[in-house]
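**Q** Give me the fold of what follows.
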Amino acid sequence: MKPPRARVSDAVDEEAPTENLAEKLERKRDYLEGFLAKKPANVPSGEPGGELYEAVVAAVREIYDPEIPVNIYDLGLIYAVDVSADADVVITMTLTTPHCPVAESMPAEVELRAGAVPGVRDAQVNLVFDPPWDPAKMSDEARLELGML
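**A** As a prediction, the model looks like this:
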């Protein structure tokens, strides 16, 4: 003899309190906010998502290209941020062109800002032009700011 088939109506608790639409939306919003606020656990400080790494990136994001109203990080001028275990920071960056008017001052400003982040022992900037910068390196936020989306 076969066991009886399970039916959805068997699983529904008729006496359970029902949730109205506003309560359901509030529950989903709480879940989403909690999910977005959750940070990865046990990320080393110098790795992406780590406290020191993110502080250096935030400091670099405060630097704007004087001719373009976008910070140099979102502009795609920062190719790499390396944070060693000893809290030494090496930033690899480029400029929009080798003849950029801020070619002498921009790398020094980046080095100064990164070195001023609490916890950073030393900061160094490597200026490279290979690969050359192009607009494809910009973030979506930068493209939106410049009306390119």
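**Q** any low-confidence regions in the protein?
**A** For the chain, no stretch is flagged by pLDDT under 70.
**Q** Tell me which stretches of it form strands.
**A** 78-83, 88-93, 122-127 (DSSP state E).
**Q** Most tightly packed of these?
**A** Among the strands of the chain, ranked by average contacts under mean count of other CB atoms under 10 Å, first place goes to strand 88-93 (a mean of 19). All C-beta atoms are positioned from the backbone trio N, CA, C, and that covers glycine.
**Q** which helices and strands does that one pack with?
**A** helix 51-60, strand 78-83, helix 106-115, strand 122-127 (3 or more CB pairs under 8 Å, 6 or more residues apart in numbering; DSSP states H and E).
**Q** In CSV: the strands of the chain, plus distance to Pro69.
**A** CSV is the format used below for the strands of the chain (distance: least, CB to CB, whole Å):
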stretch, distance to Pro69
strand 78-83, 17
strand 88-93, 19
strand 122-127, 23
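**Q** Compare those and give me the one nearest Cys100.
**A** strand 122-127 (10.3 Å; CB to CB).
**Q** what angle do that closest one and strand 88-93 make?
**A** 20 degrees (axes from the mean of the first three to the mean of the last three CA atoms, to 10 degrees).
**Q** Show me how far strand 122-127 is from its chain's centre.
**A** 21 Å (CA atoms, centre = their mean, to the nearest Å).
**Q** Other residues contacting that strand?
**A** 56, 87-95, 103, 107-108, 110-112, 114-115, 117 (CB atoms under 8 Å, 6 or more residues apart in numbering).
**Q** Please repeat the previous calculation with a cut-off of 6 Å.
**A** Here strand 122-127 makes contact (CB atoms under 6 Å, 6 or more residues apart in numbering) with 88-92, 107, 110-111, 114-115.
**Q** That one pairs with which strands, and in what direction?
**A** strand 88-93 (parallel) (DSSP bridges).
**Q** C-alpha coordinates for the strand it pairs with, CSV please?
**A** Output in CSV follows, covering the C-alpha atoms of strand 88-93 (Å, rounded to 0.1, in the frame of the first residue of the first chain):
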residue,chain,number,x,y,z
ASP,A,88,53.9,49.4,3.4
VAL,A,89,51.8,50.6,0.5
VAL,A,90,52.8,50.5,-3.2
ILE,A,91,50.4,52.2,-5.6
THR,A,92,50.8,51.6,-9.3
MET,A,93,49.1,54.4,-11.3
